[in-house]
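Visitor: the following block contains a protein sequence and its predicted model.
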Amino acid sequence: GVAHDFNNLLQVVEGNLELLAADLSTPAAAGLPAAVQRRLGHALAGAERGARLTRQLLAFSRRQPLTPKWVDVLALVSGMSDMLARTLGERIEVAILGDQPSWTVLVDPTQLENAVLNLAINARDAMPEGGRLTIETRNRRDPSAPDDLWLEIAVSDTGVGMTPQVLARVYEPFFSTKPEGRGTGLGLPQVQGFIAQSNGRMEIESAPGAGAVVRLFLPASATRRVEQAAPRPADARGRGERILVLEDDDAVRRAVADLVRSLGYEVTEAASTAEGARVLAESAGFDLLLSDVVMPGTPSPPEFARAAQAARPSLKVLFMSGYAEDVVVHQGRVDADIHLIEKPYRKDALSLALRRLLDEAPPAAVPVAATDARPRRRVLLVEDDALIAMAVADLLDALGYEVIEARDAAAAQAAARNGAPIDIALTDLGLPDMDGEELAGWLRAERPGLPIVFATGRSEFQPSEALAAGGPTQVVTKPFNTRVLQEALAACGA
């Protein structure tokens, strides 16, 4: 909760500072003193330090969201050589070695880079007069369990080393041997938390005057291929695409919406999923939903996104959150097929995430049976949730059905009594005025043999024997996609 709220505050700060930086780069601001730009840079650096502190705390508590991929660690570390040279300075000699071919590991590459950089900076601080930093990757097979493969990353230095008393406290949060203001004491605990979250382990060897060796061990594979990162687009700016920004915090929503507009997108804002449903119902043509993960009210943002994508398969979804555990992140890993950007994010990170997602190929269309000259079959859709009703009605229309909508059992009964032509009923179970199964029994009494499909979030639900014997009956579990619905309708002879 603290991480979520703190990161929301930092998003407002960073977003507005970056917009201010853009304003100050215009010709109209050319006469401003250089001190203004300098102060702005200091403010941005301070906001980034706050964001880094939150990430360190989440890493230490093993709650940072990870997006693991199969990675060649030797190639990754070798690619850091220029950054390490700039960061560590001329007095530190850097050597990068490793076994070839290098086994691959399933790890978040960005967080592994951060961990290696963190260890390298600690090593630099332990060599105030200069020295040698060696980063070596080795393929390791556990002698006691030959099938267990490990990749070892050893980061060693020729620095001052640590006493046994200091070595005993290195994983203790906020413990630091650096001068006041030089460190948070979260560097090694952050690395340890990340490695543990990645199912690995960490060991440290050191003695006074003998330098230090930090060993990271990660589960490895000798056969898995490296997953290539998506190429960076040549131009990451928007091209006028329409984006719906969904965020309940007014300050965050305004800052994010302004940031997205500055990237070249057309933006509509919504403060709740209910408002977002109305916007989507009234306006077609949105290309992407940029949504917070945790918001009050129903449906939840992930549920809203699933329904919106079911109705509009081409809609892309990018979630943003300062903390998303148990929502779209479980056991520290971002759920499959979920795109997430962590708050607070910089303008360039958002620009890249939006462009990459929008440039992805659309999902394969679900094949729909060819239509003929016969009149469209009519479905009585009974659903009290306006958002879900909108999505399902769009699915039915795309599948070639004519939809009669009812928000409760009374409206469904009125449609049946009025003689409305109904070929099949698709009803929710949790209606506000009557149980969906009870409504189905009433409809069967009015229209014997009427095919009925139940839509429910209760995966254990089974219709009564009387209903099953009285005509075609199917159950679809929410959330369902086009194919599942199409198969249920076909099984009912519709």
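Guide: Yep, it's here. A quick note: this is a predicted structure, and the numbers were derived from the prediction, not measured. Residues are numbered from 1 along each chain as shown.
Visitor: next one: phi and psi at residue 73?
Guide: The main-chain torsion angles of residue 73 are listed as degrees, to the nearest 10 and equal phi -70, psi -40.
Visitor: quick one, what contacts it?
Guide: Applying CB atoms under 8 Å, 6 or more residues apart in numbering, we find residue 73 in contact with 98, 102, 104-105, 107, 112, 137, 151, 153, 218. Quick note: C-beta positions are derived from backbone N, CA and C, even for glycine.
Visitor: residue 135 in helix, strand or coil?
Guide: In terms of secondary structure, residue 135 is strand; the call rests on DSSP: H, G, I helix; E, B strand; the rest coil.
Visitor: wait, it sits on residue 94?
Guide: Yes - shown here, residue 135 and residue 94 form a contact pair, counting by CB atoms under 8 Å, at 7.4 Å.
Visitor: tell me which of the two has more neighbours.
Guide: Set side by side, residue 135 and residue 94 show unequal neighbour counts under other CB atoms under 10 Å, the larger going to residue 135 at 25 against 17.
Visitor: okay if I get the contacts of residue 73 as CSV plus pLDDT?
Guide: Listed next are the contacts of residue 73 as CSV, based on pLDDT from 0 to 100:
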residue, pLDDT
98, 93
102, 89
104, 92
105, 92
107, 88
112, 91
137, 95
151, 95
153, 96
218, 93
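Visitor: which of those residues lies closest to residue 484?
Guide: Compare each of the contacts of residue 73 with residue 484 using CB to CB and the shortest gap goes to residue 107, at 34.4 Å.
Visitor: show me which pair in the contacts of residue 73 is furthest apart.
Guide: Every pair of the contacts of residue 73 checked by CB to CB; the farthest is 98 and 107, at 15.4 Å.
Visitor: more crowded one of those two?
Guide: Per other CB under 10 Å, whichever of residue 98 and residue 107 has more neighbours is residue 107, with 28 against 21.
Visitor: from residue 96, how far out is that one?
Guide: For residue 107, the distance to residue 96 (CB to CB, to the nearest Å) stands at 18 Å.
Visitor: ditto for residue 340
Guide: Using CB to CB, one gets 31 Å for the distance from residue 340 to residue 96.
Visitor: can you pick out the residue with more neighbours from the two?
Guide: Neighbour totals were compared for residue 340 and residue 96, and residue 340 leads with 19 against 16 (other CB under 10 Å).
Visitor: okay but that one is in contact with residue 302, surely?
Guide: No - applying CB under 8 Å, one finds residue 340 not in contact with residue 302, separated by 11.0 Å.
Visitor: low-confidence stretches in the stretch 151-300 of the chain?
Guide: By pLDDT under 70, the low-scoring segments of the stretch 151-300 of the chain are 178-186, 229-231.
Visitor: ranges for the strands of it?
Guide: Under the criterion DSSP state E, counting those that start in this stretch, strands of the stretch 151-300 of the chain are mapped to 201-206, 212-221, 242-246, 266-270, 288-292.
Visitor: and residue 34, which of the ones you listed is closest to it?
Guide: Using CB to CB and comparing the strands of the stretch 151-300 of the chain, the one that lies nearest residue 34 is strand 266-270, at 32.9 Å.
Visitor: need the contact partners of that closest one.
Guide: Taking CB under 8 Å, 6+ apart as the criterion, the residues outside strand 266-270 that touch it are 240-247, 253-254, 257, 260-261, 276, 279, 283, 286.
Visitor: equivalent analysis for stretch 129-137, please.
Guide: Contact partners of stretch 129-137, identified using CB under 8 Å, 6+ apart, comprise 73-74, 77, 84, 88, 91-99, 102, 116, 120, 123-124, 127, 151-159, 211.
Visitor: list the buried residues of that stretch.
Guide: Of the residues in stretch 129-137, those buried under the neighbour-count criterion (16 or more other CB atoms under 10 Å) are 131, 133-137.
Visitor: over to stretch 243-257?
Guide: If you call a residue buried by 16+ other CB under 10 Å, then stretch 243-257 has these buried ones: 243-249, 252-257.
Visitor: how is the residue nearest to residue 100 when sequence neighbours are not counted assigned, secondary-structure-wise?
Guide: Counting by CB to CB, 6 or more residues apart in numbering, residue 100 lies nearest to residue 74, which is 7.4 Å off, once chain neighbours are set aside. Reducing the assignment to helix, strand or coil with three-state DSSP, the entry for residue 74 is helix.
Visitor: where do the helices of the stretch 251-400 of the chain begin and end?
Guide: Chain-ordered helices for the stretch 251-400 of the chain, with DSSP state H, counting those that start in this stretch as the definition, fall at 273-282, 301-311, 347-359, 386-398.
Visitor: buried residues, the first one. List them.
Guide: Spelled out, it's helix 273-282. Taking 16+ other CB under 10 Å as the neighbour-count basis, helix 273-282 is seen to contain the buried residues 273-274, 276-277, 280-281.
Visitor: and which of the residues you listed is nearest residue 18?
Guide: If you rank those by distance to residue 18 using CB to CB, residue 276 comes first, at 25.3 Å.
Visitor: residue contacts, the closest one?
Guide: For residue 276, the residues meeting the contact criterion (CB under 8 Å, 6+ apart) are 244, 246, 270, 289, 291, 304, 308.
Visitor: I figured the first one hits residue 286, correct?
Guide: It refers to residue 244. Yes - when contacts are counted by CB under 8 Å, residue 244 is listed as touching residue 286 (5.1 Å).
Visitor: any residues in contact with both of those two?
Guide: Both residue 244 and residue 286 are in contact with 268, 280, where contact means CB under 8 Å, 6+ apart.
Visitor: residues near the closest residue to residue 309 other than its chain neighbours, how many?
Guide: Computed as CB to CB, 6+ apart, the closest residue to residue 309 that is not its neighbour in sequence is residue 315, at 5.3 Å. Residues near residue 315, counting by other CB under 10 Å, number 18.
Visitor: excluding its backbone neighbours, what's nearest residue 388?
Guide: Using CB to CB, 6+ apart and skipping the chain neighbours, the partner closest in space to residue 388 is residue 307 (5.6 Å).
Visitor: hang on, the earlier thing: any idea how far residue 490 is from the residue nearest to residue 309?
Guide: Counting by CB to CB, the gap from residue 315 to residue 490 is 26 Å.
Visitor: circling back to that earlier point, number of nearby residues for the residue nearest to residue 388?
Guide: Neighbour number of residue 307 under other CB under 10 Å is 25.
Visitor: the one 5 residues further on now?
Guide: Counted with other CB under 10 Å, residues neighbouring residue 312 total 17.
Visitor: likewise for residue 24?
Guide: Counted by other CB under 10 Å, the residues lying close to residue 24 total 14.
Visitor: contacting residues around it?
Guide: Neighbour list for residue 24: 32, 36-37, 40 [criterion: CB under 8 Å, 6+ apart].
Visitor: just checking, residue 118 touches residue 192?
Guide: No - Residue 118 lies out of contact with residue 192 (CB under 8 Å); the separation is 10.6 Å.
Visitor: re earlier: can you tell me which of the contacts of stretch 129-137 are in helices?
Guide: Among these, the ones falling in helices (DSSP state H) are 73-74, 77, 84, 88, 116, 120, 123-124.
Visitor: turn the residues you listed into CSV, including distance to residue 26 and pLDDT.
Guide: Below are the ones in helices among the contacts of stretch 129-137 laid out as CSV (distance: CB to CB, whole Å; pLDDT from 0 to 100):
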residue, distance to residue 26, pLDDT
73, 44, 94
74, 45, 94
77, 41, 93
84, 36, 90
88, 37, 91
116, 39, 92
120, 39, 93
123, 43, 92
124, 39, 92
